[in-house]
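J.: Dropping a prediction and its sequence here:
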Amino acid sequence: MSRLFLLSAAALTFAVSLPATAHVSADPALAEPGSYFRTALRVPHGCGSSATTAIRVGIPEGVVSVRPQAKPGWQVTIETRKLAQPIEIGHGQKTDTLVSAVNWSGGKLPNEQFDEFGLVMKLPNQPGAQLWLPVLQTCESGEIRWDQIPAAGQSAHDLPRPAALIRVADAGKPMVLAQAHGHNHAMPAAPKAGDIAIEQPFARATPAKVGGVFMTLKNTGGSADRLVKATSPVAESVELHTHVKDGDAMRMRPVEDIPVPANSQTALEPGGYHVMLIGLKQPLKEGAQFPLTLTFEKAGTVTIQVPVMKAGSMGDAGHGGHKH
């Protein structure tokens, strides 16, 4: 198979936009270890065309304190479980009873509307942990169980009814708040090489042997720099590319470097500069992530983690490219 054919296939993959399943999700979904974390379960639709009348949220192991948010028109009930021995819950307090589930019932959420059901939880001090919250959505007609948890090596995006997920940040990685679509989302601070911050990196899901990586390179220093190299263990080779007009068509071409002007920024985006992954060792699946090492002429080298968003994504920073 020729490299020209592969690159053409990649261009087609970049142009495709697939619909995302609107599942019940936690927002925000990234938390500091051991924190008191406020999140909300977002319910984007009913059961078919039927209105939602009740929501039950299961509380995962390791969460030692839960307070649900009151909602006008809805009744809140709490399910608990007894422990064999009391445990510490902070501030010198102990308990032998933990919340196992929270229920909202008695209201009515029409199918064509969405709503959020808030929780404050004391999360475990377990950096890198994934906390899955199974949700039972009951409607006037039928119900949906959002309770599937991916197996090892599987992505939640491969499941038709995934449970809601809260990720606990890795140790040593600072947290900042980023604005996206009017909501605050906790996100890791942008990695940096010298004066250059690498913001909002992402790749698009693809079954092909080639893929693209996009990001914004923000230079806060007084000297211009250049991205001169990129490498990743997920591909046989990695090249710096741009798009150029060839007659009536736009074609990808490799470049020696990508300039980053002083006190300015360079966008690596679909239809422009980007990092090209050639000879992918396995398909890029939505929800996964992979390392990418960037080398700058002056700022040096930095390794970042690249999240994989849905095919056709333009890099929705707040939601990982999902539409809820």
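T.: Done, it's in. Just so it is clear, the structure is predicted and the values come from calculations on it, not from any experiment.

J.: The host helix or strand of Thr53: how far from the chain's middle?
T.: Element membership for Thr53 (DSSP states H and E) is strand 52-58. Distance of strand 52-58 from the chain centroid (C-alpha atoms, centre = their mean, to the nearest Å) equals 24 Å.

J.: Within the sheet, what are the partner strands of it, with directions?
T.: strand 93-109 (antiparallel), strand 135-139 (antiparallel) (DSSP bridges).

J.: For the last one, give me every contacting residue.
T.: Residues from elsewhere that reach strand 135-139, judged by C-beta atoms under 8 Å, 6 or more residues apart in numbering: 24, 41, 43, 46-48, 50-58, 105, 143-147, 163-164. All C-beta spots, glycine's among them, are computed from the backbone N, C-alpha and C.

J.: Quick one: residues contacting Glu116.
T.: Asp27, Ala40, Leu41, Arg42, Val43.

J.: make that Gly107, sorry
T.: Thr53, Lys71, Gly73, Trp74.

J.: just the helices in the chain please.
T.: Assigned by DSSP state H, the chain shows helices spanning 3-15.

J.: Low-confidence ranges, the chain, go.
T.: 1-21, 91, 171-189, 245-246, 315-324 (pLDDT under 70).

J.: per-domain residue ranges of it.
T.: Split into domains by automatic domain parsing, the chain comes to 3-15+190-309, 33-168.

J.: quick revisit: out of the contacts of strand 135-139, which are buried?
T.: Among those, those scoring as buried are 24, 41, 43, 46-47, 50-58, 144, 146-147, 163-164 (criterion: 16 or more other C-beta atoms under 10 Å).

J.: Excluding chain neighbours, what is closest to Glu112?
T.: Spatially, and ignoring its direct neighbours in sequence, Glu112 is nearest to His45 (7.8 Å; C-beta to C-beta, 6 or more residues apart in numbering).

J.: doesn't Leu109 make contact with the one you found?
T.: No - using C-beta atoms under 8 Å, His45 is not in contact with Leu109, being 9.1 Å away.

J.: Can you list the neighbours in contact with stretch 96-106?
T.: With contact meaning C-beta under 8 Å, 6+ apart, stretch 96-106 is reached by 53-59, 63-66, 68, 71, 73-83, 85-87, 117, 119, 138.

J.: Drop anything exposed from the residues you listed.
T.: Applying 16+ other C-beta under 10 Å to the contacts of stretch 96-106 flags 53-59, 63-66, 68, 71, 74, 117, 119, 138 as buried.

J.: From Leu131, how far out is Gln282?
T.: Distance, Gln282 to Leu131, by C-beta to C-beta, to the nearest Å: 27 Å.

J.: whoops, I mixed them up, Val228
T.: From Val228 to Leu131 the distance is 40 Å (C-beta to C-beta).

J.: Among those two, which residue is more densely surrounded?
T.: Taking neighbours as other C-beta atoms under 10 Å, Val228 and Leu131 compare with Leu131 leading, 23 against 14.

J.: wait, what's in contact with that one?
T.: Counting by C-beta under 8 Å, 6+ apart, Leu131 has contacts Pro60, Gly62, Val63, Leu123, Pro124, Leu165, Ile166, Arg167, Val168.

J.: let's go with 6 Å and repeat that
T.: Pro60, Ile166 (C-beta atoms under 6 Å, 6 or more residues apart in numbering).

J.: separation between it and Phe117?
T.: Taking C-beta to C-beta as the measure, Leu131 falls 16 Å from Phe117.

J.: then stretch 248-265 to PDB, C-alphas only?
T.: Provided in PDB are the C-alpha atoms of stretch 248-265 (Å, rounded to 0.1, in the frame of the first residue of the first chain):
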ATOM      1  CA  ASP A 248      -8.400  22.900  -6.400                       C
ATOM      2  CA  ALA A 249      -7.400  20.400  -3.700                       C
ATOM      3  CA  MET A 250      -5.700  20.700  -0.300                       C
ATOM      4  CA  ARG A 251      -2.800  18.200   0.200                       C
ATOM      5  CA  MET A 252      -0.700  17.300   3.100                       C
ATOM      6  CA  ARG A 253       3.100  18.000   2.900                       C
ATOM      7  CA  PRO A 254       5.900  17.300   5.400                       C
ATOM      8  CA  VAL A 255       7.800  20.300   6.700                       C
ATOM      9  CA  GLU A 256      11.200  20.600   8.500                       C
ATOM     10  CA  ASP A 257       9.800  22.600  11.400                       C
ATOM     11  CA  ILE A 258       6.800  24.500  12.700                       C
ATOM     12  CA  PRO A 259       7.500  28.100  13.700                       C
ATOM     13  CA  VAL A 260       6.300  29.500  17.100                       C
ATOM     14  CA  PRO A 261       6.800  33.300  17.100                       C
ATOM     15  CA  ALA A 262       7.800  35.200  20.200                       C
ATOM     16  CA  ASN A 263       5.000  36.300  22.500                       C
ATOM     17  CA  SER A 264       2.500  34.600  20.200                       C
ATOM     18  CA  GLN A 265       1.100  31.100  19.500                       C
END
